[in-house]
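> Sequence isn't available, so here's the structure alone:
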């Protein structure tokens, strides 16, 4: 019986001390960490249309259309399908695509969640935080030369 | 027993302690040729000699752990690979390769030697198409019974969609005659829609009153073709986000490490020491989060929904997830490891992060004491969990059970200690075992493992803090594309939160794997459910399922 | 005391008499008592249960709709009633429909004889206590009907468990109540309450301690509370409805209005259990300063909070262990309690 009474005492203690762990969203916005991976922000000014992001994306979420002179025409990102792995940001040599901390985006249908260049440009920062300042991936690593052999791509 | 035993634990020889001549002398007449995988010597044997060979290896050479059965289809043949190990020494590994012809892919089943081969061979039949003679129940396991074709075989048309009917699959309103033959038994479907099946798991039970006469878990509801997706992604970057989704407990780093370990072995990449410490640190954080979830859901099954203990476990898990989020950027699907290291160092300012971690570690003993007050010393809880779901160590080994379930039955097997990786060897921690073999011991093992993980994290934090600044190398230099040599095969395991998580990769010269096989601990653990719950009551079945801690993402992949 | 206190009061207030007047006043009185209980249940179910569970689990629960979240009650009512009423094929129709009505109705019927203070008591027959227990037991019939008629194996298991549990714990419950009757010498509910209040147990520092049976024989009190937990189906004895084992037990196939009846009926039963405990052991509506009805409400809510506390903290007992505790443990203890009561009464001469 003692064990049962101890259990009951423990729960009653929690009830009486009044601490709550709830975050009252949306009145209180939750604290997300500086490295949180939310929706993408694309900057056409920086993009050099190298297509590395399209190549590395694990589930073909990014679609790039360029014309014959390799000028960029379309940059479509299906944010509904994206797995938010951040590989596109990692391989981009010019920080043209970033993952902001913004997670508050919605769509009524699946098709609403395909964002084109303009929409990606207009994604706001979450609480005015620029994610690049807090994330510094080791760029030297992926551009490394391996051992000896030249790496033709 | 053979009088000549091969040397057990010295990894100094090239074959990591496997005395190849010894093995040859045991099974020599069945061996067709020799192959060599990166981690183990391989023996190609005839398709009808499987039981003899495996039986000899198990009984006379001591290879009692059938870790994984990989099946694949090459251009000219099918192959089943049996990865054998020893519970006493997992570095002592063998691969037994059984080729069969493409027109008649029949080989002998290993089920009579290793009970765990039952489900593994069913999966091989299901996904690749190899058939096994003498198998007690060769039916599809992951795909629906009426599926046509074998998706991982070469002839399968990946583009063509398929609509599958449920013809023999249970019309819920139809009269079910399955239990009728026995007279007083009742057939009951627990799940897949059920508050306590930890995911979409379907357990077909035959009940005698309230007692369980027979249990048959029917899995495959969460099959997401993870192996095939990995086979379609490049080694360097694209596969790494997927292992997070196997054990979504959240065991992110633990799963990613399984893949990273196998791929780094394959491509011969060395990870810098600082990155190893970071990997160890984040892996143990993930392990604590997984065990908290396991604790919470196990107690949920015994207490009922939304009672205090479940919410307290969730609250503690939240704290850990916040720490993980600060480090990796996400709470669950981390994508934190890369081949050659990790993607980020500890977040700046470092002192603040370490302080948060230390605060969490300081609070942890108090929280664990509270759990002891709330659950383990509760007499009713003990009456529910002691002596229920019992499995003895021998049966556990036969079913390939690993992780806290095996350690709860006294099997002293932990990959972190026996086949070391990361920084585990340099740190001071213990492997927790308990001899009870019932649900209660498994719970105690998990709670004590949380304490051990806390010890490891504390040591890692001390190390990370004092590491000299210019030696903080988080990634090795790895080329942008990796193309391991064709024909190289490797099978490596790590200690996931649920047990031994293994990845087998065969390279075919391109930048994507030729075959990617995942050895999932929950898959083997779940196959032992029948042993554990026959003869007990439904509430015990539910509690046992909870204590096995199955995450369906890992079972079905 | 008259046989029907509340209807007589109403008849006097309205100034009606004769057969129809009496019938009218009885109906009005019944409606009043029913409304009081259902209102309390409406507070307890959607709102208080959530708030209590949240306080035990470090959360803030319903707090958005209305002041302190009380609007949830209305929202829940609308939501539950607007759901589709799905009747499974093959359900045994009249039994399937009657089951929730039996469950909810039996508890409400039992409230007819509970003295709630300030003259609110529908009827006061001389065998009031027996009537209460009889009505409370009819609930198990409702559970069995629901479980069996649903054409669902989970419901069947739940129904069978409910019957086994109720039968096992009915006897200790009634025996412990019988020990109260030893003390009071009467089965009439109002008398039981009056005797508890009027007899003085002791006088400490000038404050008179009335002979509430909980003070006279605490052992019986504890025993009755535990047996009551089993009767109403609350942790650790909530096996008929064990959500993690048999989905929702006997309630699995019920939706919309029937589900509301089951849900509320369960809470009315909890309050009924609390009311019986209050009447038999805690002096009913007795208490200083505040009117009797307020004290009565406080007492039954205290019992309700106790059941919620048990639900959060105590695991569920397995069915075979539960039957074992019932027949082997509680039965023996309640017989011992009878002997103990006799001894106490003999010694203290109450």
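Nice, thanks for sending it over. No experiment lies behind these values; they were computed from the predicted model shown.
> Sheet-wise, list the partners of the strand ranked longest in chain A with their directions.
The longest strand of chain A (DSSP state E) is strand A:72-78. Paired neighbours of strand A:72-78 in the sheet (DSSP bridges): strand A:62-66 (antiparallel), strand A:114-115 (antiparallel).
> tell me the most buried of these?
Among those, strand A:114-115 has the highest mean neighbour count (mean count of other Cβ atoms under 10 Å in any protein chain shown), at a mean of 20. Heads up, the C-betas are built off the backbone N, CA and C, glycines and all.
> Tell me what the residue nearest to residue B:48 when sequence neighbours are not counted is bridged to.
Distance criterion Cβ to Cβ, 6 or more residues apart in numbering or on different chains; nearest residue to residue B:48, sequence neighbours excluded, is residue B:108 at 5.4 Å. For residue B:108, the beta-bridge partners under DSSP bridges are residue B:133.
> follow-up on the earlier one: could you save the strands paired with strand A:72-78 as TSV and add columns showing mean pLDDT and distance to residue B:72?
What follows is those, written out as TSV (pLDDT from 0 to 100; distance: least, Cβ to Cβ, whole Å):
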stretch	mean pLDDT	distance to residue B:72
strand A:62-66	88	31
strand A:114-115	86	37
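> Now residue B:528. Nearest residue, chain neighbours left out?
Nearest one to residue B:528, counting by Cβ to Cβ, 6+ apart, is residue B:399 at 4.1 Å.
> Is it correct that that neighbour is in contact with residue B:527?
Yes: with contact defined as Cβ atoms under 8 Å, residue B:399 reaches residue B:527; the gap is 5.6 Å.
> residues from chain C in reach of chain B?
C:53, C:56-59, C:88-90, C:153-154, C:157, C:235-236, C:238-239, C:242-247, C:311-321 (Cβ under 8 Å from any Cβ of the partner chain).
> Residue C:290 - how many residues pack around it?
Using other Cβ atoms under 10 Å in any protein chain shown, the number of residues around residue C:290 comes to 13.
> Check residue C:237 too.
If we define neighbours as other Cβ under 10 Å, then residue C:237 has 25 of them.
> now the helices for chain A?
Secondary structure of chain A by DSSP state H: the helices cover A:2-17, A:52-56, A:87-91, A:117-121, A:139-142.
> Now tabulate those helices in TSV and tack on distance to chain B.
Shown next, in TSV, are the helices of chain A (distance: least, Cβ to the nearest Cβ, whole Å):
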stretch	distance to chain B
helix A:2-17	4
helix A:52-56	5
helix A:87-91	5
helix A:117-121	19
helix A:139-142	4
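> Just say which of these is most tucked in.
helix A:87-91 (a mean of 22).
> What mean pLDDT does that one get?
What helix A:87-91 shows for mean pLDDT is 88.
> Kindly report the same for stretch B:345-363.
89.
> neighbouring contacts of that stretch?
A:33-35, A:134, B:278, B:319-320, B:322-323, B:326-327, B:454, B:457-458, B:461, B:464-465, B:472, B:474 (Cβ atoms under 8 Å, 6 or more residues apart in numbering or on different chains).
> Flag every buried residue along that stretch.
B:345-347, B:353, B:357, B:360-361 (16 or more other Cβ atoms under 10 Å in any protein chain shown).
> mind listing what the residue of the stretch 201-350 of chain C found nearest chain A touches?
Here the stretch 201-350 of chain C gets closest to chain A at one residue, residue C:313, 4.2 Å apart by Cβ to the nearest Cβ. Applying Cβ under 8 Å, 6+ apart, we find residue C:313 in contact with A:4, A:7-8, A:10-12, B:307-308, B:374, C:56, C:235.
> Residue C:258 against residue C:85, yeah?
Yes: shown here, residue C:258 and residue C:85 form a contact pair, counting by Cβ under 8 Å, at 7.0 Å.
> Look at these two and report which has more neighbours.
More crowded of residue C:258 and residue C:85, by other Cβ under 10 Å: residue C:258, with 21 against 11.
> do the host helix or strand of residue B:449 and chain C meet at all?
Using DSSP states H and E, residue B:449 sits in helix B:439-466. No: Helix B:439-466 lies out of reach of chain C by Cβ under 8 Å from any Cβ, never closer than 12.1 Å.
> again with stretch B:154-170
No: applying Cβ under 8 Å from any Cβ, one finds stretch B:154-170 separated from chain C by no less than 12.5 Å.
> and the residue nearest to residue B:528, backbone torsions?
phi -90, psi 0 (degrees, to the nearest 10).
> count of residues packed around it?
Considering only other Cβ under 10 Å, residue B:399 is surrounded by 27 other residues.
> gap between it and residue B:352?
Separation of residue B:399 from residue B:352 (Cβ to Cβ, to the nearest Å) stands at 46 Å.
> what's the answer for residue B:374, then?
On the measure of Cβ to Cβ, residue B:374 and residue B:352 end up 32 Å apart.
> And for residue A:32?
Relative to residue B:352, and taking Cβ to Cβ, residue A:32 is found at 16 Å.
> Get me the contact residues on chain A for chain C.
A:4, A:7-8, A:10-12, A:14-15, A:18-22, A:24.
> Same list, those, but as JSON lines with pLDDT please.
What follows is the residues of chain A next to chain C, written out as JSON lines (pLDDT from 0 to 100):
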{"residue": "A:4", "pLDDT": "83"}
{"residue": "A:7", "pLDDT": "81"}
{"residue": "A:8", "pLDDT": "83"}
{"residue": "A:10", "pLDDT": "82"}
{"residue": "A:11", "pLDDT": "82"}
{"residue": "A:12", "pLDDT": "84"}
{"residue": "A:14", "pLDDT": "80"}
{"residue": "A:15", "pLDDT": "78"}
{"residue": "A:18", "pLDDT": "73"}
{"residue": "A:19", "pLDDT": "74"}
{"residue": "A:20", "pLDDT": "77"}
{"residue": "A:21", "pLDDT": "80"}
{"residue": "A:22", "pLDDT": "81"}
{"residue": "A:24", "pLDDT": "81"}
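> Closest one of these to residue C:141?
Comparing these against residue C:141 with Cβ to Cβ places residue A:4 closest, at 31.2 Å.
> list the contacts for the closest one?
Counted by Cβ under 8 Å, 6+ apart, residue A:4 has contacts B:378-380, C:313-314.
> State the distance spanning the first to the last residue of stretch A:115-126.
With Cα to Cα, to the nearest Å applied, stretch A:115-126 spans 18 Å between its terminal residues.
> Cool, thanks, talk later.
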